[in-house]
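How does the following fold in three dimensions:
(one chain, ligands or ions: 1)
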Amino acid sequence: MKFLLTTTLLAALSLSSAAQAQSSCPADPIGISITPAGTDRFEIGVSAVGASGAIDISWGPAQGTVDGTADFLSDVVFNLADGRSVEATYLGQGSWTVPGDAETRWDGYRYTLTAGHDAARWDVGKEEVAYRFDDAFYFVMHSVLAVNYAWTDCHFDVRFDIPDDWQALTPWNEEAENHFAVASLNDLLRNLIVVGPGLDPEMIRIGGLDVVIVTEEAFSSARQEFRNVLVESLARYGQIFGDMPMDRYLVAFGADEMNDGGAFAQSFGQRLPAPFRAHETLMWARALAHETLHAWIGHAIEADPYSELQWFTEGGTDYLTMKTLYRAGLVDADDVIFMIEGQIRRYFLGRISSGPISLAEAGENKQQNRQLVYGSGALFNFLLDAEMTAQSGPGAYEAALRGLYQADDTHYSEARLLAELDVVSDGAASEIHAWLNGPFNPFDVLARMDEAGLATSAFGPDEIMVRFAANGCSGSREPACMPDFLQR
Ligand SMILES: [Zn+2]
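Next up is the predicted model:
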């Protein structure tokens, strides 16, 4: 369920931009102040002279709450143009307005944020909402910051009024100490921040990108490994796509029961079990490299409409993550076998559980159709890479991805994506897509994977075995038998 809030926000952002011919910025910049006010409370103040309309957070439900993310905001007060302060009217679903006439102008508002999110159980994962980060606080901004969603193209000036032993870690441009300039509503809301005492962030520079890594205490000994995966994968993605899609990137590692991650505009929150266990590297490294790759595939190369290309942005990310981890020496050939087996199994089980829907339709309910969305996209990219390498040699598939990323318009519908890929693959993209989208025959799928250099075997749809059978091999785990397009 980890994309629920992000999806909700995207829908809200596009709704509000459609509703208004151009975004209305009441002030330039709009001022936001964040001030700690006791144990787990913050006073949030927003200054926007001459504004009107409702303010919203991205509302999401959770077990243990009455009203989801809205439970943690209280005492919402608007400052009117005539100097009066009035208590806001709550409209439900994380939306507040001035009482009475919705057209009434206001100059700002304030409210109390209580960081008690750990008491609830968030289906989307707490890294998508908020949690205590040791003695500090991890916040995903759209869950805690109420703003007017028509402020899409506004600039924001965010100030943290915090004690000397606190730090504010954000992916935004730091103008002065604890004072940040934010270029858009998207950058403001679709990011995480970590604020509080006891933080020991580490900064590294990779190909012009400033990366800030912060971990909970439980992972201080694992930092070297986290850094290694980030450096290797980011450097390789930069080479594939030609450059970095952002200047700054904030990565936070927190403890939880399971591996999961949330990717945001210029930040990423990973959670994994503590204590750190070496044998789990494939799990967390894959999640870290996957979410990082979303900066290019998913955020820069953007699905538009969102649901239509989730099979490509998720499955393509899964496939290129696997290939990159192997080429960087972060996983071995057995790990690649494990991942391809999972990709085939996911497609099979997804085809059975989701029924006869198209890949584009599957994206409309991404979590419910998760196996089909991720599995089909991974197989599409695997087969496209195999086909393009056979046609044009090594690197052809990566060059095609770079072309998508470097295009003037990086919003892709399914039709446009396939048309662009068809040009460089002699129509293979549409052919593979139509085949994966068409009547389901698992034996055809296995046969086609075998043609691409694998030796597959299945016992029912849920037990899949993969071996490598390229370069004259008949079925082996040896790296030399791996298809050339996957080789190091
Ligand atoms: Zn993803």
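
Partner strands of the longest strand along the chain and their direction?
Across the chain, the longest stretch assigned as strand under DSSP state E is strand 41-51. Under the criterion DSSP bridges, strand 41-51 sits next to strand 30-36 (antiparallel), strand 106-114 (antiparallel) in its sheet.

hey, what's the residue nearest the centre of the chain bridged with?
By Cα atoms, centre = their mean, the chain has its centre lying nearest to A263, at 2.4 Å. Taking DSSP bridges as the rule, A263 bridges to F268.

ok, back up a step: so what touches the longest strand of the chain?
The contact list for strand 41-51 (Cβ atoms under 8 Å, 6 or more residues apart in numbering) reads 26-27, 30-37, 55, 81, 105-115, 137, 144-148, 151. Bear in mind the C-beta positions are built from the backbone N, C-alpha and C, glycine included.

Check what pLDDT the residue sitting furthest away from the middle of the chain gets.
In the chain, the residue that sits farthest from the middle, by Cα atoms, centre = their mean, is D82; the gap is 42.4 Å. pLDDT recorded at D82 is 88.

can you tell me how far A27 sits from N79?
13 Å (Cβ to Cβ, to the nearest Å).

That should have said D56, apologies.
18 Å.

Looking at the two, which one has more neighbours?
More crowded of D56 and N79, by other Cβ atoms under 10 Å: D56, with 23 against 19.

Return the set of residues that bridge with V251.
Assigned bridge partners for V251, using DSSP bridges, are I213, F268.

which element is the residue farthest from the centre of the chain on?
In the assignment (DSSP states H and E), D82 maps to no helix and no strand.

Please report phi then psi for it.
phi -90, psi 10 (degrees, to the nearest 10).

How about the one 3 residues further on?
Dihedral angles phi and psi of S85 (degrees, to the nearest 10) take the values phi -110, psi 130.

Repeat that for S95.
phi -130, psi 130.

so what pLDDT did it get?
At S95, pLDDT is 97.

Distance of it relative to D56?
5 Å.

swap in E202?
35 Å.

Same question for L282.
For L282, the distance to D56 - Cβ to Cβ - is 39 Å.

One more: D134?
Distance from D134 to D56, by Cβ to Cβ: 30 Å.

still on that earlier bit, list the buried residues for the longest strand of the chain?
Within strand 41-51, the residues that count as buried by 16 or more other Cβ atoms under 10 Å are 42-48, 51.

who's in contact with the residue lying closest to A396 once chain neighbours are set aside?
Spatially, and ignoring its direct neighbours in sequence, A396 is nearest to M388 (4.1 Å; Cβ to Cβ, 6 or more residues apart in numbering). Listed by Cβ under 8 Å, 6+ apart, the contact set of M388 reads 396-397, 400, 424-425, 428.

got the domain boundaries for the protein?
As given by automatic domain parsing, the domain ranges for the chain are 1-123+137-196, 200-291, 302-481.

now these as JSON lines including distance to Q487?
Shown next, in JSON lines, are the domains of the chain (distance: least, Cβ to Cβ, whole Å):
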{"stretch": "domain 1-123+137-196", "distance to Q487": "32"}
{"stretch": "domain 200-291", "distance to Q487": "15"}
{"stretch": "domain 302-481", "distance to Q487": "7"}
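
before we move on, back to that, quick one: which of the buried residues of strand 41-51 is nearest A328?
F42 (39.9 Å; Cβ to Cβ).

what is the closest one paired to in the beta sheet?
P36, L113.

surely R110 meets V77?
Yes. Between R110 and V77 there is a contact under Cβ atoms under 8 Å: 5.6 Å.

G31 versus the residue farthest from the centre of the chain, what's the distance?
Between D82 and G31 the distance is 20 Å, computed by Cβ to Cβ.

likewise G64?
In terms of Cβ to Cβ, G64 sits 34 Å off from G31.

the more surrounded of the two?
Set G64 next to G31 and count neighbours by other Cβ under 10 Å: G31 wins out with 15 against 12.

Settle this for me: the more buried one is touching H155, isn't it.
No. The pair G31 / H155 is not scored as a contact, 10.2 Å apart, by Cβ under 8 Å.
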